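Asker: here are the coordinates; sequence isn't available:
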Ligand code: HEM
């Protein structure tokens, strides 16, 4: 049967390896229509790049997935439908982004390296104390959550709660598509919002050096965010910043174990630059984010033909990263290749705010892991087929059991 008729973003078996489907679309159906999600899927580098660079033609506002607005979808999970960076266009987007840009500059972020290294070292030591361990819960997930909690200014005594809230909210991604909204997602989201509101009020009265304090004050002529905007930004950071970096680490380990030559190359000289090269190639080869989503504001011409106004587009960054016109021999995992232009963080005005942070955390964590456990393989507890769940948005192993070899 034709590969394309079997493609389904919400089928875990298909999503175990979507790349052959994307390759088929890229050649035969560059404007593939997904009936379930009611969206057109773009898989060519040229198209994905065009879409992300032209926010006037391709809006982030009022995007519908499976016929439902994103705001309605977030209300399903009990989160207020307040706009965040991801769901706004200029001028609202420019105001929100201007407010937070200064906390995520490469300079600000590189100052966090000692703390990221210290935490990575602790987590790696604890995890690798046994011969066999689950990598996602041991290192890949707690590292980014803890760092975000510290940046936001969450009290140490509430860190465990914060991790619980963040895990529940992160897992809610497909809830409204499947028609199920687990009660505990709603409960966790409400608890977290109540707590963030409390922190925001406290910082408004008595600012500290953390991110929430910056958001709730007027700084250098930039207005304070409103209380709902602060909540929505905190939730965005959790959603956009945690599972993505977690996935990057999971995908990197998977790629290294499946590509022994690359793993050997890294083992021979595990410098931070080599670890960074592995992470960049992982971003290209197995991107933690599968697609960005936009709505056409008018009729537009793409390689697959004309698209009417108000059409939902999935501009697949994973597929673009495998376009052989941009990256020759794309199915080969090679940390020595030139990854310039990779799409994994998006492009243009919505380019990932947290890219410098992800590019600090993942290589540092990998380097600390190489220092303690340089030769890992899948453990017998790891099922032969890695479970990636079913998501049109994010991609990474649900669990990854490893052992020292
Ligand atoms: C935006 C990917 C880590 C915060 C984006 C976008 C992508 C992306 C593709 C663009 C979305 C669009 O165009 O609609 C990733 C990947 C990551 C990562 C692959 C890890 C490997 C992070 C981290 C943070 C973060 C660590 C924060 C701590 C954000 C925010 C936006 C964003 C706030 C919205 C920016 C805007 O709309 O102006 N990210 N991200 N991300 N990311 Fe990331």
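Answerer: Great, that's in hand. None of these values were measured; they are calculated from a predicted model.

Asker: Grab the most central residue of the protein for me.
Answerer: residue 244 (2.8 Å; CA atoms, centre = their mean).

Asker: if I pick that residue, what's in contact with it?
Answerer: Neighbouring residues of residue 244 by CB atoms under 8 Å, 6 or more residues apart in numbering: 288, 289, 354, 358, 394. The way it works is simple: take the backbone N, C-alpha and C, and place the C-beta from them, glycine included.

Asker: From those residues, which shows the smallest pLDDT?
Answerer: pLDDT is lowest at residue 394 among the contacts of residue 244; the value there is 91.

Asker: Scan the contacts of residue 244 and report the most crowded one.
Answerer: residue 288 (26 neighbours; other CB atoms under 10 Å).

Asker: out of everything not next to it in sequence, what's closest to that residue?
Answerer: Spatially, and ignoring its direct neighbours in sequence, residue 288 is nearest to residue 247 (3.6 Å; CB to CB, 6 or more residues apart in numbering).

Asker: Could you list the buried residues of whichever strand or helix holds the one you found?
Answerer: Assessed by DSSP states H and E, residue 247 sits inside helix 227-258. By neighbour count on 16 or more other CB atoms under 10 Å, the buried set for helix 227-258 is 227, 229-257.

Asker: do it and the ligand meet?
Answerer: Yes: Helix 227-258 reaches the ligand (CB under 6 Å from any ligand atom) through 236, 237, 240, 241, 244, 245, 248.

Asker: picking that back up, output the contacts of residue 244 in TSV; the columns should cover distance to residue 133 and secondary structure.
Answerer: Shown next, in TSV, are the contacts of residue 244 (distance: CB to CB, whole Å; DSSP: H, G, I helix; E, B strand; the rest coil):
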residue	distance to residue 133	secondary structure
288	21	coil
289	26	strand
354	27	coil
358	23	helix
394	23	strand
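
Asker: Make JSON lines from those and add distance to residue 10 to it.
Answerer: Output for the contacts of residue 244, formatted as JSON lines (distance: CB to CB, whole Å):
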{"residue": "288", "distance to residue 10": "18"}
{"residue": "289", "distance to residue 10": "17"}
{"residue": "354", "distance to residue 10": "27"}
{"residue": "358", "distance to residue 10": "26"}
{"residue": "394", "distance to residue 10": "13"}
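
Asker: wait, which of the residues you listed is closest to the ligand?
Answerer: Using CB to the nearest ligand atom, residue 354 is the member of these that lies nearest the ligand, at 2.0 Å.

Asker: I figured that closest one hits residue 239, correct?
Answerer: No: if you go by CB atoms under 8 Å, residue 354 and residue 239 don't touch, sitting 11.1 Å apart.

Asker: Could I get the contacting residues of residue 388?
Answerer: 12, 15, 16, 395, 396, 397, 398.

Asker: In those residues, find the pair that's most separated.
Answerer: 12 and 396 (13.2 Å; CB to CB).

Asker: Comparing those two, which shows the higher neighbour count?
Answerer: Per other CB under 10 Å, whichever of residue 12 and residue 396 has more neighbours is residue 396, with 27 against 14.

Asker: Residue 52: what's its closest spatial neighbour, skipping adjacent residues?
Answerer: Using CB to CB, 6+ apart, the closest residue to residue 52 is residue 347 (4.1 Å).

Asker: these two touch, right, that neighbour and residue 50?
Answerer: No: using CB under 8 Å, residue 347 is not in contact with residue 50; the gap is 9.6 Å.

Asker: show me where pLDDT drops low in the stretch 101-250 of the chain?
Answerer: 170-182 (pLDDT under 70).

Asker: sorry, back to before: any idea how far the residue nearest to residue 52 is from the ligand?
Answerer: According to CB to the nearest ligand atom, to the nearest Å, residue 347 and the ligand sit 8 Å apart.

Asker: of all of the stretch 101-250 of the chain, which residue lies closest to the ligand?
Answerer: residue 241 (3.0 Å).

Asker: what sits against residue 274?
Answerer: Per CB under 8 Å, 6+ apart, neighbours of residue 274: 265, 266, 335.

Asker: The last one: neighbour count?
Answerer: As a burial measure, residue 335 scores 24 neighbours (other CB under 10 Å).

Asker: and what of the second one?
Answerer: Residues lying near residue 266 (other CB under 10 Å) number 21.

Asker: tell me the contacts of it?
Answerer: So residue 266 contacts 256, 274, 275, 278, 335, 370 (CB under 8 Å, 6+ apart).

Asker: Could you work out the most separated pair of those residues?
Answerer: 335 and 370 (12.9 Å).

Asker: Please enumerate the strands of the protein.
Answerer: Assigned by DSSP state E, the chain shows strands spanning 32-34, 39-42, 58-59, 64-65, 68-69, 132-134, 291-296, 300-302, 305-307, 312-316, 376-378, 401-404.

Asker: Give the bridge partners for residue 296, please.
Answerer: Listed by DSSP bridges, the beta-bridge partners for residue 296 are residue 58.
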